[in-house]
Structure formats: structure tokens, C-alpha cells
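Participant: Give the three-dimensional model of this entry:
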Amino acid sequence: MPDLHTRFRPGRPWLDTKGERIQAHGGSILYVDGTFYWYGENKERTTPGSGIWHWGIRLYASRDLYNWEDRGLIIPPEPDDPASPLHPARQVDRPHIIHDRRSGRFVCWLKIMGAFQESTVLVADAVDGPYRIVRTGLRPLGMSAGDFDLVVDPHDGKGYYYFERVHSELICADLTADHTDVSGHYSTHFPRPHPPYVREAPAYFRRGAKHYLFTSGTSGYLPNPSEVAVADTYHGPWTVLGDPHPGDATGTSYRSQISSVFKHPHKKDLYIALADRWLPDVPAEVSAKALEHIAAPTEGRAPAEAELRRSLMDPDTSRADYVWLPVRFDGDLPYLDWHDEWRIEDFD
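Facilitator: Down below sits the predicted model:
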């Protein structure tokens, strides 16, 4: 059995209580009855040439956020059904689970990439499942829906769905009362002309009366500069505050992409940004150089390094790491400073 963890070490391999790499990518945390649950994409079989994008959605449990027990696949893949949205070759991304306190159910949305990006929605009576599909092929508002986040208002239980309208803008849509669809009311934000400037990977959190969104640019697994925005309501208007990574001169968000933000339930003002380092073997300077090629006009682009191009076409995400950092506030402005290691116990 591995030694117990007593602190976070961002960017280093993170092992569960059995000594295996944690596989909860594009992940989020739920706190239920005194236990933290971390869930995300299981990438253990996503190696170059495998043809496997995911191997289900995995769940971990912890009492301290440092040491995680593998609770297994709460949404297993369906390898024998090529038509299933859960087939391992399907590009299942960024699961988000919300707890509908009115019904007691847990509702999970999955992004399914393809020619037209769609959503699959599942429900369960417990956080660890079993989950059953209630909607497939969902195109919210008739749009191609990319990276997203789900939010439930802690006071009235109303749900909101933030998603990238693919390669266009960010949408905030109201959810139906059962949180399995959109109601039809929505607002549009952050219009951009094309990748990598279009905003994706929205990660919502609320601090006091202020609503915040971390987003990234659109450059696949290649890290890019994050952006943070603030608003007084769920639907905005949003004010862009800039890159929340002030200490990162490479413009790669510490070589990571934020997937969600978690407010510690027992700390006065501790918010933790969860991020994936999808390409741990690609140095920051190489990522920054490749990003310049993507951002250049089409006629001016030069090919990036051959090995990097291969890794982006068929990446080994089974070895992706995590970058968890505390959010520092300067007034209402949130920042993410780099820490080689840090402890929850150092916060009030």
C-alpha cells in the first residue's frame, strides 16, 4: 500500500490508495454526507493506436481530498455496441453530475463529440449509481454543444448549463425542472471568430454575490491561456478580467486546462481549481510555440514539430496528470499561483 498523501503536489503523478494512477479526467467533485467524490473520464486504456477514447466514467472517494479510494466505473463503457454513445471509440468527454435535491436523484450529462457534438443524460438514485440513460442525441437548443458545466442554485434549486456553442460563443441555458434538458431560455456570451480564441471548458463558481467563469481557448489537448470573467447574475453580462495565471509567462496555464472549481465545505474561503495536464511530456516552451502555429492565419501557418503533431493526433492521455491549485483573491479578482506543493490545513 502506498504512503498516505498529506499535501497536494500539482503536476506530479497521483496514485490512489491501491497505488494506481487516478483516472478521473475532465473531472469534478461532489461532497455528499461527509465524503468527497471525485469523478471523471477513465483514460487508462487511451494509448496511441488503441482506438479507445475512454473506458467509462470512474469514481473515487476521500475524506481528506488527498487520498482517494477507487470506487470503480459508475458509468461503464459499452464495447459490444458500436451504436451506443458509451462505446469506447466514441469521444465521451467532461462528465458533470449535479444533485437534484428535490427528487434526490443525481443527474449526469456527458458531451459526445462527433460531426455534430451532442449530449447524453443519465440519472441515478445514488452518487455511485447505477446510472441509466434518459436522453441520447440531445442537441440543446438545436446547437452543437461542446465543453460545458452544470450549476444548481443553492437557494432555489434552479439549474443552469454553460456550454461552448462549437467554435462560436458560450451559451448559458436554463435547465428544466428535472435537470435533464434545457427549457429554451438562454443567453450568449464571449463571441470569438475562430479557434484557438473561442472559449471552451467553462468552469463556474460563485463567491458571495459574484459569479465567475474560468474558460480556456480551443486548441485540443494543447494548453493555452485561460481567461476569467465575472458577473452579477448567471446570465451576465460578463466582464472579462484576463488570464488568472499571473505567474505563467508561457501562456499555457501552467501546462493545464481547468475542468471545474470546488468550494471546500469546511473552509471559509478556499476554492480549488481542478485542472488536467493532458500532455505531461510536452515542455511549456514547445506548447507555446505550437500554439503560435494554431493561432496564425491559415496561409501563414508552419508545421509544428513532428513528434508533437503525432502526439496531438493520437495522444497518450492514460498518463495525463492533474494540477490542483487554490484560488487566491485580490478583492474580487481571482488568481491561480503556482505551488510545488500545498496543504488544505494552511487555509482558515
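Participant: Just name the shakiest helix or strand of the protein by mean pLDDT.
Facilitator: Sorting the helices and strands of the chain by mean pLDDT, DSSP states H and E puts helix 306-313 at the bottom, at a mean of 59.
Participant: how far is the helix or strand just after it from where the chain is centred?
Facilitator: Later in the chain than helix 306-313, the nearest helix or strand by DSSP states H and E is strand 321-330. Relative to the mean C-alpha coordinate of its chain, strand 321-330 is positioned 14 Å out (C-alpha atoms, centre = their mean, to the nearest Å).
Participant: do stretch 265-273 as well
Facilitator: 18 Å.
Participant: Next, the distance between the ends of it.
Facilitator: This stretch, stretch 265-273, spans 14 Å end to end (C-alpha to C-alpha, to the nearest Å).
Participant: now do stretch 267-274
Facilitator: Counting by C-alpha to C-alpha, you get 17 Å between the two ends of stretch 267-274.
Participant: ditto for stretch 79-94
Facilitator: First residue to last in stretch 79-94 (C-alpha to C-alpha) measures 19 Å.
Participant: what about the protein, any weak spots by pLDDT?
Facilitator: Along the chain, segments meeting pLDDT under 70 span 1, 296-313.
Participant: who does the helix ranked longest in it touch, helix- and strand-wise?
Facilitator: The helix that spans the most residues within the chain, counting by DSSP state H, is helix 284-295. For helix 284-295, the elements it packs on are helix 306-313, judged by 3 or more C-beta pairs under 8 Å, 6 or more residues apart in numbering; DSSP states H and E. All C-beta spots, glycine's among them, are computed from the backbone N, C-alpha and C.
Participant: re earlier: go through the longest helix of the chain and flag the buried ones.
Facilitator: For helix 284-295, the neighbour count (16 or more other C-beta atoms under 10 Å) marks Ala284, Val286, Ser287, Ala288, Ala290, Leu291, His293, Ile294, Ala295 as buried.
Participant: Export the residues you listed as TSV, with columns for distance to Tyr335.
Facilitator: Below are the buried residues of helix 284-295 laid out as TSV (distance: C-beta to C-beta, whole Å):
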residue	distance to Tyr335
Ala284	19
Val286	25
Ser287	21
Ala288	20
Ala290	26
Leu291	22
His293	29
Ile294	26
Ala295	24
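Participant: Go through those residues and name the one nearest Ser28.
Facilitator: For the buried residues of helix 284-295, the minimum distance to Ser28 (C-beta to C-beta) is 24.5 Å, reached by Ser287.
Participant: Burial check on the nearest residue to Ser144 once chain neighbours are set aside, number of neighbours?
Facilitator: Nearest residue to Ser144, sequence neighbours excluded (C-beta to C-beta, 6 or more residues apart in numbering): Val166, at 4.2 Å. Residues near Val166, counting by other C-beta atoms under 10 Å, number 18.
Participant: who are the neighbours in contact with Val166?
Facilitator: Val166 sits next to Gln117, Met143, Ser144, Ala145, Gly146 when contact means C-beta atoms under 8 Å, 6 or more residues apart in numbering.
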